[in-house]
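**Q** model the following, please.
(2 chains)
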Amino acid sequence: MSNVSLPKKARRIIPGFHLSLGYTMLYVSLLVLLPLSMIFIHTMSLSWTEFIAIITDPRAVASYKVSFGTALVAGIINAIFGTIIAWVLVRYQFPFKRIIDGLVDLPFALPTAVAGIALTSLYAPNGWIGQFFEFKIAFSPLGIIIALTFIGLPFVVRTVQPVLQNISAEVEEASASLGANRLQTFRKILLPELAPAILTGFSLAFARALGEYGSVVFIAGNMPMKTEITPLIIMTKLEQYDYTGATAIAVVMLVTSFVLLFIINFIQWLTNRRFVH
Amino acid sequence: MEQSIALSKSAALQEPRIIRYLLTFIALAFLAFFIVLPLVSIFVTAFQKGVEVYFAAITHPDALAAIKLTLIVVAIAVPLNAIFGVMAAWALTKFNFKGKNLLLTIVDLPFAVSPVIAGLIFILLFGSQGLFGDWLFAHDIKIVFALPGIVLATIFVTLPFVARELIPLMQTQGTSEEEASISLGASGFKTFWYVTLPNIKWGLFYGLILCNARAIGEFGAVSVVSGHIRGMTNTMPLHIEILYNEYQFSAAFAVASLMSVMAILTLIIKDIIAWKSKSV
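**A** Model (predicted):
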């Protein structure tokens, strides 16, 4: 009961409300809202049929499939291996654990272009790894998946890790003392607890992968209809000074991202509600 | 007897040893392939043609110009976003007002936008066909394909980092310490400086480090607005791209290795901060 909320008046004794809120509003209006609204304002110059024609152009549609498909596969790979890595880091002991734990964040710290050229040279047909495979990895959708897996890995590990740390041992002890074996305890007790975190991590990795550019352009090969991602379509149109076409495709990407953002927030809201009684 | 109970208990609470080893092996193998191997390959390729080629690549005038430009961009974008982050966190955690959740979502928005689109929006504002294009041309001001455009795109992409780190932290810290300070007669600024700042310094530092790493490495957004003018509007990642596309692999990886060192330093500093803030 110590957390009784203060009466409204008491809260206002802290100064700086108008200054901090005003500054925040001005900053996001000028640097986020105004620039982003340009996408929608600029698209208004197109008629509906023109807009539909641009966004359903076969090359654009093929790029949606490439972007969506590779991001989905990379997201699933990360959901599985990210969870295993989080599990191993939280539960098991092994040498150099702290360094390995720190390395998980490398994709956040390493510039995407650097990751792009490094992965490309590894998986190119004559590269350290690529030479052992008869089929192409770099310059095929497989290469895109590898780059997106690299980019998305920390999202799953870093969302699952804290949840796993906070699961109290008593729950597992209770399950075991009631006769459940380890697999049953994992499936019936641990997995349901971890599922929202895994799903959130997957969605974050997936959303990031959909828009990713730097690490993918090098390894993708960028063949139209085959390995061309949607951000590259925007880039190509910009290089041809087709601003309107680029903007129309950007609308499709933005709307997709906003829907994803909404879903992520919804999952988190559901999860928080479960814990606050 | 007691020992056997303890043993059976641990067997029920832990996976069989084979499973433990297998999971550890999978996790480490995955990290080795996806994280360690790419990192090692950068340094090996960078020094493949010898130390001389390496130093020639990183002291080339175009490389130095790219390093300088990157540092200038970071020196402008990161402090601006840090001040914004503190302001936004103060407004969003110390007060209640209508539309708070909406403002939180807007602060997070740049994370949901593809870097390419982050560049595109500034072309639409300030490019020759853009909203302010004619006015800027008439007054001979260059934003796109020049330093201001690169700075704006970088600010956009890295805008949420500091705010995102501070908001949850200040939320859990509440307002009681500030209230005590104010009611004892301290000014608002003094309260912030002596009460709030010491409480949030590690979080602030953490946000700064992440913001800095992204600002140095941003590629997609900067690529759109830079115009790729060698020695003029090329940041380090763009310089790497040009070298790579010209098949100057050793030079490209030499510059890339510099950026990798920065990334590793970022990780180390991050780890130290996490450790310090836990021990406080």
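**Q** and stretch B:111-121, what's its mean pLDDT?
**A** Mean pLDDT, stretch B:111-121: 94.
**Q** right, I mislabeled it, should have said stretch A:36-52
**A** Taken as a whole, stretch A:36-52 has a mean pLDDT of 93.
**Q** if you count neighbours, what's buried in it?
**A** For stretch A:36-52, burial by neighbour count (16 or more other C-beta atoms under 10 Å in any protein chain shown) applies to A:36, A:38, A:39, A:42, A:43, A:46, A:51. In short, each C-beta sits where N, CA and C put it, glycine included.
**Q** wait, what's in contact with residue 103?
**A** Going with chain A. For residue A:103, the contact set (C-beta atoms under 8 Å, 6 or more residues apart in numbering or on different chains) comprises B:31, B:35, B:36, B:267.
**Q** I was thinking of chain B, sorry if that wasn't clear
**A** Applying C-beta under 8 Å, 6+ apart to residue B:103 gives the contacts A:24, A:25, A:28, B:88, B:91, B:92.
**Q** secondary structure element for it?
**A** helix B:100-112 (DSSP states H and E).
**Q** and for residue B:20?
**A** Residue B:20 is part of helix B:17-31, with elements assigned from DSSP H and E.
**Q** contacting residues around that helix?
**A** A:81, A:84-85, A:87-89, A:92, A:94, A:100, A:103-104, B:14-15.
**Q** pLDDT of it, averaged?
**A** pLDDT averaged over helix B:17-31 gives 94.
**Q** what do you get for stretch B:44-56?
**A** Averaging pLDDT along stretch B:44-56 yields 93.
**Q** what lies in contact with that stretch?
**A** Stretch B:44-56 is contacted by residues A:121, B:249, B:250, B:251, B:253, B:254, B:256, B:257 when judged by C-beta under 8 Å, 6+ apart.
**Q** what would those look like in TSV with neighbour count?
**A** What follows is the contacts of stretch B:44-56, written out as TSV (neighbours: other C-beta atoms under 10 Å in any protein chain shown):
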residue	neighbour count
A:121	25
B:249	17
B:250	17
B:251	25
B:253	29
B:254	28
B:256	29
B:257	22
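**Q** for those, give me a markdown table that also has secondary structure.
**A** Conversion of the contacts of stretch B:44-56 to a markdown table gives the following (DSSP: H, G, I helix; E, B strand; the rest coil):
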| residue | secondary structure |
| --- | --- |
| A:121 | helix |
| B:249 | helix |
| B:250 | helix |
| B:251 | helix |
| B:253 | helix |
| B:254 | helix |
| B:256 | helix |
| B:257 | helix |
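**Q** from these, which is closest to residue B:100?
**A** Of all the contacts of stretch B:44-56, residue B:100 sits closest to residue B:256, with 42.2 Å by C-beta to C-beta.
**Q** now flag whichever of the buried residues of stretch A:36-52 is closest to chain B.
**A** Checking the buried residues of stretch A:36-52 against chain B with C-beta to the nearest C-beta, the nearest one is residue A:38 at 4.0 Å.
**Q** so what's the closest one closest to, chain neighbours aside?
**A** The shortest distance from residue A:38 to any non-neighbouring residue, by C-beta to C-beta, 6 or more residues apart in numbering or on different chains, is to residue B:124 (4.0 Å).
**Q** what angle do the host helix or strand of that neighbour and helix B:100-112 make?
**A** In this assignment (DSSP H and E), residue B:124 forms part of helix B:115-126. Angle between the axes of helix B:115-126 and helix B:100-112 is 110 degrees (criterion: axes from the mean of the first three to the mean of the last three C-alpha atoms, to 10 degrees).
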